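1. sequence first, predicted model second:
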Amino acid sequence: MASTTRVRETWRSLRVAAWLGWQIESNWADPFVFAIYSVIKPIAGALILVFMYAVIARDGLENPLFPAIFVGNAFFIYVPTVLSGISWSVIDDREHYGMLKYMYTAPLNVFAYLAGRGIAKAIIASIALVITLLLGIYALRVPVAFSTIDWPMFAGAALCGAAILTFLGIALGGVTLITARHSYYVGEAVAGALYLLCGVVFPLDVLPSWVRWIGQATPLTYWIEAIRRALIGTGSSAILARLSDGALLAITAGSALALSVFAFVIYRLAERRARHLGLIDMQTMY
Amino acid sequence: MSQPSRFTIFWRTVRGRAYPRIIGLQREKSWFFFDVFLPLLQVAAYVYIYRVIEAPTEFVGFVVLGGAMTAYWMNIMWNMASQFYWEKETGNLELYIIAPTSRMAILLGMAIGGIVATTVRASVVILVGLLIFRVPMTVTNVPVFAGVFVTTMVALYGLGMLLSSLFLLFGREAWHMSELLREPIFLVSGFYFPVRALGFAIAAAASIVPITLGLDAMRQLMFPEMLSHLRFLSPHVELALLTGSAVLFVTLAQRSLAFMEAYARREGRLTVRGQ
Amino acid sequence: MPTDPVIRVDELRRVFRVRRREAKGQRREIEALAGVSLAVDDGELFGVLGPNGAGKTTLIKILSTLLAPTSGTARVAGVDVVENPWEVRRHISMVSGGESSGYGLLTVEENLWMFSQFYGIDTQTARTKIRELLAIVGLADRSRTKIFHLSTGMRQKMNFVRGFLTDPEILFLDEPTLGLDVQTARVLRDYIRSWVDDRPGRTILLTTHAMHEADELCDRVAIIDRGHILACDPPATLKRNLQREAIFRLRIGGLPDVEAAVADVAGIEQLTQTRRDDHTEIDVILDDENALGDLLGSVQQGGGHLHSLEKREPTLEDVFLRIVGYGFEEAEEQIT
């Protein structure tokens, strides 16, 4: 009976948070402006990388690394979007809407709530991803074809990716609970660091060894690599190339599991500190 | 109490509003990690992209300088332009509006208060560029370089004040529009590569954003061996244009703030919260 | 020689238009003020009393230059609020109830000092005044507390100090004791009264929906409902008009709809009925005390029995009831 109640509570928390997240994300503009926003933003982001290769690389877009880098960069759209979505919802609820304390006094599953708040952002990121991939396939001849995609691997990687981003977001949400509202989206700042460390826009091998191990310990690195293999049949890193597809997917899944434990522990520790110091309803904007 | 002069109110307002920014840095030291260290890693990512595609060395310098100037751009957008939106959400905007002080003074106070953290971030990026990535940076004409930097800052902050007037009226919609424009501006303003690479027409259009001309001039002055086909205009011409931009944006900002405030007052939007 | 009013409002109207995509089936136009006219003299403590949604806050926002009227004029300190808002701001300050302004990381003293700078007050003067005012409101020992650690009452005390810190000629108080405990509210009301009394040339316009607050504090009270000023007089004068009638409160059990049972009784001026758990409470204004007997008879015939009966002095709510025909609670329900 208690477990049924928990499941219902979890589902309710997820559902309400996803609805709320969508209301917040979608109410600021009419659909036409929202559509333009959804198209222009990802295309501009992709074009930065495209121009760097086209203008500066010796063989331009024919550079053998380009397809893997493009695909990695495209899927990386999820990272800042979801991480910001979840961590910013803590700040928004706490400082702008004054709602965080009410959520904490309601019978909500806070993890499901945070995950739900990330769903709206994930939907927006998915639109951006599709547009970016279409640009890559049809304008830049990135070799992604429906007939050649390894769908089981893609499905596995996608599931793992969703889990990894959710858990990372939860961990970051916990950190946000006990830190002030600083200048920028904390999620984007963290994503910026992951951009360097996870082999997104250059092979992991290029990093000095004293930094590379951080990337090798990060689940996102394996997720990006798995997505690349599923879509274009190859990754970007010689180090990761030693792993078979099955091993890569297993490591991705295993690291996602390990991350889940880490995320819950971090969040609970942060939450306890926040309660102890009375930070749940603090205002820190300056 | 006798009424202080407008000038006195202006400068005391700047001081008053700068104070929370400066104190906040001391009381919440986590800003260094989130606002300086992490963004530095993103700049490093672009350095490695250039290394992987075997770009000429000065491109690493370009992206380091671009990363340093990104700090100022983000400061403008987050800590100044959109600030009236956040102040509205937390209930402070009303108190600013009814005070007999200039909106520009409040914004200037925010900017000056935020410039400490911004300059730390920019300096750290430059230092890492010099010490870790060994980017050779030498300024060939210090007075012109200083002039370009200062006028870029004035023009940029003027633009920020102009944009803040939009946030006064449109709030959340303006916030999302600024988010929408972030990547396009990073693309066309030459944060990651010289803007001339996009073609003269795009570079000219992008010059409306002061950072475009500022970055191009500073790159030319720091990397004299910069490929000629990647230079947009001469640094002296760019300095003149930036000076004009600075005057234009500051003037427009003053008028726009007054206009938008009056418009928002008529529409009843100055005190709407929870958008 | 009579002086011009420090606040003058003529036929003030304010209509809010809701954007189409936000209206979603509701009205798109809301008339918050429907031609309000009033004048507040120098040195007055003027109250605007009305239920929630009556237009009090809209009026204060216009006078404090946060909102422009749709039509009509408003002058504060002789200056038009639309044509020259900056000049108006040199003369005013404002405190709202339930305010959450300020920066959480700053202390009470720091927040207050910061706001004083927006008025150009030099630091030494500001700090002296801050200390004095914090002592008056009982917050002196919290001057170095970061404001996000303050309770609601303490926060409101700090807001109070902010409003008085600049020593404005005209102070707007919008429900200043909202949400405060009885003791804190009393301290602040005492200070409000003394501030006006002890300082020539200082004027307060106070909005409230708390009858006793308006009754206790105000030299004159304007009663507002649905954007209209219904009456404007000193509280004693407003209540005196009702002195001729008899006002009773009855608690009756066993008869849920007393109003229907006494509908035919002559001499009932006004009757409001409130259903409680185990009885029905009615407030009734009678032309003549003698009608009470008939009323009680009708109650008994309807199967009701009297729990208690009390004769009251008229209050401002009775005045409101008399003018409008329904009480505050009912007025708020109708507006929503």
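-> Here it is on my side, so go on. Residues are numbered from 1 along each chain as shown, chains lettered A, B, ... in the order given.
2. the longest helix along chain B near chain C anywhere?
-> Taking DSSP state H as the criterion, chain B has its longest helix at helix B:235-267. Yes. Shown here: helix B:235-267 in contact with chain C (C-beta under 8 Å from any C-beta of the partner chain) through B:262, B:265-266. Using the backbone N, CA and C atoms, a C-beta is placed for each residue, glycine as well.
3. residue closest to the middle of the chain?
-> No chain specified, so I'll use chain A. Nearest to the geometric centre of chain A sits residue A:79, at 2.5 Å (C-alpha atoms, centre = their mean).
4. actually it's chain B I care about, not the one you picked
-> residue B:73 (3.0 Å).
5. flag the shaky bits of chain B, pLDDT-wise.
-> Low-confidence segments of chain B (pLDDT under 70): B:1-2, B:226, B:274-275.
6. the longest helix of chain B - contacts with which helices or strands?
-> Contacts defined by 3 or more C-beta pairs under 8 Å, 6 or more residues apart in numbering or on different chains; DSSP states H and E place helix B:235-267 against helix B:103-131, helix B:142-170, helix B:210-222.
7. how distant is the last one from the center of its chain?
-> The reference is to helix B:210-222. The chain centroid and the centroid of helix B:210-222 are separated by 14 Å, computed with C-alpha atoms, centre = their mean, to the nearest Å.
8. just the C-alphas of that helix, formatted as PDB.
-> Taking Å, rounded to 0.1, in the frame of the first residue of the first chain, the C-alpha atoms of helix B:210-222 are listed here in PDB:
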ATOM      1  CA  PRO B 210      30.100  47.100 -30.500                       C
ATOM      2  CA  ILE B 211      32.000  44.000 -29.600                       C
ATOM      3  CA  THR B 212      32.300  43.100 -33.300                       C
ATOM      4  CA  LEU B 213      34.400  46.200 -34.100                       C
ATOM      5  CA  GLY B 214      36.100  46.100 -30.700                       C
ATOM      6  CA  LEU B 215      37.300  42.500 -31.000                       C
ATOM      7  CA  ASP B 216      38.400  43.000 -34.600                       C
ATOM      8  CA  ALA B 217      40.500  46.000 -33.800                       C
ATOM      9  CA  MET B 218      42.000  44.500 -30.600                       C
ATOM     10  CA  ARG B 219      42.900  41.300 -32.600                       C
ATOM     11  CA  GLN B 220      44.600  43.300 -35.300                       C
ATOM     12  CA  LEU B 221      46.600  45.300 -32.600                       C
ATOM     13  CA  MET B 222      47.500  42.100 -30.700                       C
END
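9. what's the angle from it to helix B:142-170?
-> Orientation of helix B:210-222 against helix B:142-170 (axes from the mean of the first three to the mean of the last three C-alpha atoms, to 10 degrees) gives an angle of 160 degrees.
10. test my guess that the residue nearest to the centre of chain B contacts residue B:210.
-> No. Taking C-beta atoms under 8 Å as the definition, residue B:73 is not a contact partner of residue B:210, at 9.5 Å.
11. ok so, going back, what residues does the one helix or strand the residue nearest to the centre of chain A maps to touch?
-> Following DSSP states H and E, one finds residue A:79 within helix A:78-91. Taking contacts as C-beta atoms under 8 Å, 6 or more residues apart in numbering or on different chains, the residues outside helix A:78-91 that touch it are A:21, A:100, A:114-115, A:117-118, A:120-122, A:124-126, A:128-129, A:161, A:165-166, A:168-170, A:172-173, A:175-177, A:181, A:185-188, A:190-192, A:194-195, A:220.
12. not counting sequence-adjacent ones, nearest residue to residue A:251?
-> residue A:222 (5.0 Å; C-beta to C-beta, 6 or more residues apart in numbering or on different chains).
13. so for the host helix or strand of that neighbour, mean pLDDT?
-> Element membership of residue A:222 [criterion: DSSP H and E] is helix A:219-232. Averaged across helix A:219-232, pLDDT comes to 96.
14. now do stretch C:221-233
-> Per-residue scores along stretch C:221-233 average to 93.
15. for it, the distance to its chain's centre please.
-> Counting by C-alpha atoms, centre = their mean, stretch C:221-233 comes out at 11 Å from the chain centroid.
16. buried set for whatever helix or strand comes next after the helix holding residue A:79?
-> For helix A:78-91, the succeeding helix or strand toward the C-terminus, using DSSP H and E, is helix A:100-104. By 16 or more other C-beta atoms under 10 Å in any protein chain shown, the buried positions in helix A:100-104 come out as A:100, A:103-104.
17. again, but for stretch B:107-126
-> Going by neighbour count (16+ other C-beta under 10 Å), the buried part of stretch B:107-126 is B:107-115, B:117-118, B:120-122, B:124-126.
18. cool, and stretch A:268-279?
-> So for stretch A:268-279, counting by 16+ other C-beta under 10 Å, buried means A:270-271, A:274, A:279.
19. same check on stretch C:73-88?
-> Those would be C:74-77, C:79, C:81-82, C:85, C:87-88, for stretch C:73-88 by 16+ other C-beta under 10 Å.
20. just the helices in the chain please.
-> If you meant another chain, say so; for now it's chain A. Going by DSSP H, chain A shows helices at A:2-26, A:31-51, A:66-75, A:78-91, A:100-104, A:110-139, A:151-177, A:186-197, A:209-216, A:219-232, A:238-241, A:245-277.
21. oops, wrong one, chain C.
-> In chain C, the segments counted as helices under DSSP H are C:20-23, C:56-63, C:85-89, C:108-117, C:123-137, C:152-165, C:182-198, C:211-217, C:235-240, C:258-261, C:291-301, C:316-324, C:328-335.
22. how close does residue A:268 get to residue A:196?
-> 29 Å (C-beta to C-beta, to the nearest Å).
23. same question, residue B:99
-> From residue B:99 across to residue A:196, the span is 44 Å (C-beta to C-beta).
24. can you pull the residues of chain C lying near chain A?
-> C:21, C:100, C:103-106, C:147-149.
25. quick one: pLDDT of the residue of the stretch 51-200 of chain C found nearest chain B?
-> Ranked by C-beta to the nearest C-beta, the top residue of the stretch 51-200 of chain C for proximity to chain B is residue C:117, at 2.7 Å. Residue C:117 is assigned a predicted lDDT (pLDDT) of 95.
26. and the residue of the stretch 1-150 of chain B nearest chain C?
-> residue B:16 (2.7 Å).
27. and chain A, by the same measure?
-> residue A:283 (3.3 Å).
28. returning to that earlier point: dump the residue contacts of the closest residue to the residue of the stretch 1-150 of chain B closest to chain C other than its chain neighbours.
-> With C-beta to C-beta, 6+ apart as the criterion, residue B:16 has its nearest non-adjacent residue at 2.7 Å, and that residue is residue C:117. Going by C-beta under 8 Å, 6+ apart, residue C:117 touches B:12-13, B:15-17, B:19, C:126.
29. okay, and the common contacts of residue B:73 and residue B:210?
-> Common contact partners of residue B:73 and residue B:210 (C-beta under 8 Å, 6+ apart): residue B:156.
30. what does the stretch 101-250 of chain B put close to chain A?
-> Going by C-beta under 8 Å from any C-beta, the residues of the stretch 101-250 of chain B near chain A are B:114, B:117, B:172-173, B:175-177, B:179-180, B:182-184, B:186-187, B:192-193, B:197-198.
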